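> sequence below, structure please.
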Amino acid sequence: MAGFKRKVFYVGGFDPRGARFYHALAAEQVARFAKLTGEPASVSPRRRAGAFRTDWSILNSTHDVSTEYSFLRWDDIVRKAWIRNPFALAARAWRAYRAYIAHLDFETGKRLGKGPLITLFYPPILSIALPLLLTLIIGGLAAIWLPGPIAFAIGLVAAILISAPLLKKWHAPWLLRFFVFNSELSGGEADPEIEARLDNFAEEICASLDQDWDEIILLTHSNGSILSVPLMVRVLERRGEQMPPNFTLVTMGHCIPLVACRRDATHFHDQLRRLATADFRWVDIGSPPDGAAYFGVNPMAIVAPDPRPRMDLLSPRFHLFYNPETYHKGYANKYEIHFDYLRMGDRRSPLDFPSLMTAARPIDASVAEFRAI
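Reported below is the predicted structural model:
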């Protein structure tokens, strides 16, 4: 038996890539950790542990640590919600953004962070402005030699062909799908499939809470942090509001205000208030340059003035753990910044993903070491 035994449940973001991708990412980063630190650490092969769960083990023989990692799957739901037809995406995005404009509390949103608001609105603006601008430029040039209607028709076709790969490179279609999904999640009827999946996740988590683990972590990233709110409510209900002292909710790059700042998300507000009255540990790690995340924002405080859970709001301070040339190269790619929480830099951070998974100590000790740097 390992000297330190950890159980981790992971809920990922709005990503059609499933356990295979995230297992490969974990194996890559743990191997990087082993190379940089000299500590033998490894990731086992994947193993299916149920209809909606895939497990693997992360081992650190230097410190006799075993982390049993459960990837809680909802990527199949994401793939169903992944709008492929560009005209259907445009129509759904129109409805979603009309709802955001009607119901979003912009004053609260601006106070919590302008970056995510920019991320919210640049995909539709860019998706309209770029093809329009290219149509005018190409059509205007073609009009020197061709009749106007023909010239601008050619310009429109050329603009679409040029814009499509650029928009994809800047992840505008992905973000549009992400915002459509969360808009429909906020203001519409509860999705039966998501509700059933969260029930399943809650049962999986509760089954481990009384087992012999030194530490239990519910780890969420991005959109998974939004799902952590109704998920934690379910866990608390099943536990009679009593969480074990070795349990921690860890959110990375959370975007919870995207829903919490909607005036029509009344059920979600009730769930946040429920969390605000509970006793449990919550650690949030959010990077200020991450335009898709709310850095330093306690989401419960949006609807509850004095939240009870013991919460740390931390920046990963990536600039301290990457070499300048590496950091600034990555800084230019906002999409990659949003995934850096699941990676390791050029030096070990107490809060980077492989360090948290291989440490022979609970997360509070890692947070204390991080604060001392």
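> any low-confidence regions in this protein?
1-2, 167, 170, 187-190, 328-334 (pLDDT under 70).
> centroid residue for it?
Ser222 (1.1 Å; Cα atoms, centre = their mean).
> what sits closest to it if chain neighbours are left out?
Counting by Cβ to Cβ, 6 or more residues apart in numbering, Ser222 lies nearest to Gly13, which is 3.0 Å off, once chain neighbours are set aside. (Each C-beta comes from the backbone N, C-alpha and C, glycine too.)
> before we move on, what SS does the one you found have?
coil (DSSP: H, G, I helix; E, B strand; the rest coil).
> how far away is it from Asp210?
Distance, Gly13 to Asp210, using Cβ to Cβ, to the nearest Å: 29 Å.
> buried residues of the longest helix anywhere in the chain, list them for me.
Identified as the longest helix of the chain according to DSSP state H is helix 114-142. Within helix 114-142, the residues that count as buried by 16 or more other Cβ atoms under 10 Å are 115-117, 119-120, 123-124, 126-127, 130-131, 134-135, 138-139, 142.
> my read: Ala172 touches Leu126, true?
Yes: with contact defined as Cβ atoms under 8 Å, Ala172 reaches Leu126; the gap is 5.5 Å.
> so where do the strands sit in this protein?
Along the chain, the stretches classed as strands by DSSP state E are 4-11, 41-43, 47-48, 53-60, 65-72, 215-221, 247-252, 281-285, 310-314.
> how about the residue nearest to Ser222, what does it touch?
Contact analysis of Gly13 by Cβ atoms under 8 Å, 6 or more residues apart in numbering lists 221-224, 253.
> please report the distance of it from Arg47.
23 Å.
> for Asp214, same thing?
According to Cβ to Cβ, Asp214 and Arg47 sit 22 Å apart.
> more crowded one of those two?
With neighbours defined as other Cβ atoms under 10 Å, Asp214 and Arg47 compare such that Asp214 has more, 16 against 10.
> without its sequence neighbours, what residue ends up closest to His171?
Tyr335 (5.0 Å).
> how close does that neighbour get to Leu25?
Taking Cβ to Cβ, one finds Tyr335 at 14 Å from Leu25.
> same thing with Trp145?
Distance, Trp145 to Leu25, using Cβ to Cβ: 51 Å.
> list the contacts of the residue located most distally from the centre of the chain.
Distance from the C-alpha centroid of the chain peaks at Trp145, with 50.2 Å (Cα atoms, centre = their mean). Going by Cβ under 8 Å, 6+ apart, Trp145 touches Ala151.
> repeat that for Gly3.
63-65, 360.
> can you rerun that using 7 Å?
The contact partners of Gly3, by Cβ atoms under 7 Å, 6 or more residues apart in numbering, come to 64, 360.
> try Arg73
Arg73 touches 18-19, 52-54, counting by Cβ under 7 Å, 6+ apart.
> just Thr119 next, same as before
Thr119 sits in contact with 175, 291-292, where contact means Cβ under 7 Å, 6+ apart.
> quickly list what Met311 is bridged to.
Trp282 (DSSP bridges).
> for it, what are its contacts?
The neighbourhood of Met311, defined by Cβ under 7 Å, 6+ apart, consists of 282, 284, 298.
> how far away is the nearest residue to Ile150 once chain neighbours are set aside from Asp214?
Sequence neighbours aside, Ala142 is the residue nearest to Ile150 in space, at 7.7 Å (criterion: Cβ to Cβ, 6+ apart). Distance, Ala142 to Asp214, using Cβ to Cβ: 69 Å.
> kindly report the same for Gly155.
Gly155 is 64 Å from Asp214, by Cβ to Cβ.
> try Ile363
11 Å.
> likewise Val43?
19 Å.
> how about Asp346?
In terms of Cβ to Cβ, Asp346 sits 29 Å off from Asp214.
> what's stretch 131-138 in contact with?
152, 155-156, 158-160, 162-163.
> among the contacts of Met311, which one has the most neighbours?
Of all those, the highest neighbour tally under other Cβ under 10 Å goes to Asp284, namely 25 neighbours.
> next, the contact list for that one, please.
So Asp284 contacts 251, 254, 311-314 (Cβ under 7 Å, 6+ apart).
> rerun at 6 Å
251, 254, 313 (Cβ atoms under 6 Å, 6 or more residues apart in numbering).
> Asp270 too?
Residues counted as contacts of Asp270 (Cβ under 6 Å, 6+ apart): none.
> distance of it relative to Asn323?
From Asp270 across to Asn323, the span is 46 Å (Cβ to Cβ).
> got it, and Pro149?
Separation of Pro149 from Asn323 (Cβ to Cβ): 55 Å.
> does Val229 touch Arg274 like I think?
No: look at Val229 against Arg274 with Cβ atoms under 6 Å: they stay out of range, at 8.9 Å.
> so which of those two has more stuff around it?
Val229 (24 against 18).
> grab the nearest non-local neighbour of the more buried one.
Nearest one to Val229, counting by Cβ to Cβ, 6+ apart, is Gln271 at 5.1 Å.
> go on, Trp213?
Once flanking residues are discounted, Trp213 sits nearest to Lys7: 4.6 Å by Cβ to Cβ, 6+ apart.
> and for stretch 192-200, what's in contact with it?
Residues contacting stretch 192-200 (Cβ under 6 Å, 6+ apart): 52, 74, 77, 230-231, 234.
> if we can go back for a sec, let's have the contacts of Met311 in JSON lines, adding distance to Pro245.
Converted to JSON lines, the contacts of Met311 look like this (distance: Cβ to Cβ, whole Å):
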{"residue": "Trp282", "distance to Pro245": "14"}
{"residue": "Asp284", "distance to Pro245": "19"}
{"residue": "Asn298", "distance to Pro245": "21"}
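> separation between Val367 and Val283?
Distance from Val367 to Val283, by Cβ to Cβ: 6 Å.
> thank you, goodbye.
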